[in-house]
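**Q** Coordinates only, no sequence provided:
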């Protein structure tokens, strides 16, 4: 698979790519178990009689009577009764709390093909609740439920493959399960899939797809995703650069207490306050683009290259993107710096409601060479988090 870009590594670090799978009962899967047991979603015709009496007693908090009715039914193989007994043992309702007995009732119910129960059983094996921790067994139960379309298990199975828990690490297989869950609206799966596309891990490096899935998660209110969408939007990665829209995403994340977003807002404010009022290039024989009046008035000493020079570069070579801004003069002033070397340029591009200007520098034959050069940029430019782009990507942005 393609080498992860600096952007992808940044998103891995920002996203905290570590397993987030299960928790002990009381978590979302157990609420689904209540629905499965007490609303009667077991496959088969609706039934009346002792089972309904047992459920009614449970709902009335008459646990002793519920147990008296449901225990014989559970022993006879009724999955709804088995689930309810498992819940009762999980919470000590009318019986002593006992994780091991709860797990055994869940196991019996799971064999009837109920994905909610299969998922919960996988959580117990993953956490070692009532049984010895066993990642392979957790993955086995989650695979059953995932195959039945249960999004929570699809996401959890993706985590297992991503981290090599209970089976060999396989990021391509992880991405397949993340996608299945993401398409059902699972917010963590959407976020993980976006990060994988940003890094080119298990899937081709694709900033457009990364932005799409991070945006889906951000729309559901996930602050980490809102922050990442802000970064994409600020930098024009996979979408149109729009600093104002980026700020709105950062604020949404910051309002939920996400500190990285608050720090980014502060960084943007400092950078904008310190940026020069004007400066940009004039036309040259090498790149005959007429300078704007503001740029001409700025007295830029050298003649940075422009769009024609960029178009002549080999698409499979790489450069460093330094900044995108709507103030042409400030971008030109940045590119006028001799410490950036001879191969520096800027170009105009369409933003959401105005024209933006992007500064680049350097020509490198490989991503690795460009990545090495990135670490050698002046310290003040490092603060703006420049990143590596192929000339093919840059050329696609030219107006």
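**A** Structure received. Quick caveat: nothing in here was measured; it's all calculated off a predicted structure.

**Q** Walk me through the domains of this structure.
**A** 6-19+172-274, 293-397 (automatic domain parsing).

**Q** gap between residue 98 and residue 64?
**A** 16 Å (Cβ to Cβ, to the nearest Å). All C-beta spots, glycine's among them, are computed from the backbone N, C-alpha and C.

**Q** do the same with residue 380
**A** Per Cβ to Cβ, residue 380 is found 73 Å from residue 64.

**Q** Run through the residues that contact residue 211.
**A** Contacts here follow Cβ atoms under 8 Å, 6 or more residues apart in numbering; on that basis residue 211 touches 194, 229, 232, 237-239.

**Q** The residues you listed in helices, which ones?
**A** 194, 229, 232 (DSSP state H).

**Q** got those residues as CSV, with pLDDT columns?
**A** Supplementary listing: the ones in helices among the contacts of residue 211 in CSV, determined by pLDDT from 0 to 100:
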residue, pLDDT
194, 94
229, 95
232, 91
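
**Q** Could you tell me which of those count as buried?
**A** Burial by neighbour count, 16 or more other Cβ atoms under 10 Å: within the ones in helices among the contacts of residue 211 this picks out 194, 229, 232.

**Q** which of these lies closest to residue 253?
**A** Set against residue 253, the nearest of those by Cβ to Cβ is residue 229 (8.8 Å).

**Q** nearest spatial neighbour of that closest one, skipping sequence neighbours?
**A** Closest residue to residue 229 apart from its sequence neighbours, by Cβ to Cβ, 6 or more residues apart in numbering: residue 218 at 4.5 Å.

**Q** Hmm, residue 225 and the one you found touching each other?
**A** Yes. Here residue 218 reaches residue 225: they are 4.0 Å apart, a contact under Cβ atoms under 8 Å.

**Q** just the strands in this structure please.
**A** In the chain, the strands defined using DSSP state E lie at 318-325, 344-350, 355-364, 387-390.

**Q** ok, longest helix in the protein?
**A** Longest helix in the chain by number of residues (criterion: DSSP H): helix 259-274.

**Q** and the direction of it versus that of strand 318-325, what angle?
**A** On the basis of axes from the mean of the first three to the mean of the last three Cα atoms, to 10 degrees, helix 259-274 is oriented at 80 degrees to strand 318-325.

**Q** ok, and what's touching helix 259-274?
**A** With contact meaning Cβ under 8 Å, 6+ apart, helix 259-274 is reached by 14, 223, 226-227, 230-231, 234, 243, 246-247, 249-254, 383-384.

**Q** Return the subset of the residues you listed lying in helices.
**A** Checking those against DSSP H, those in helices are 14, 223, 226-227, 230-231, 234, 243, 246-247, 249-254.
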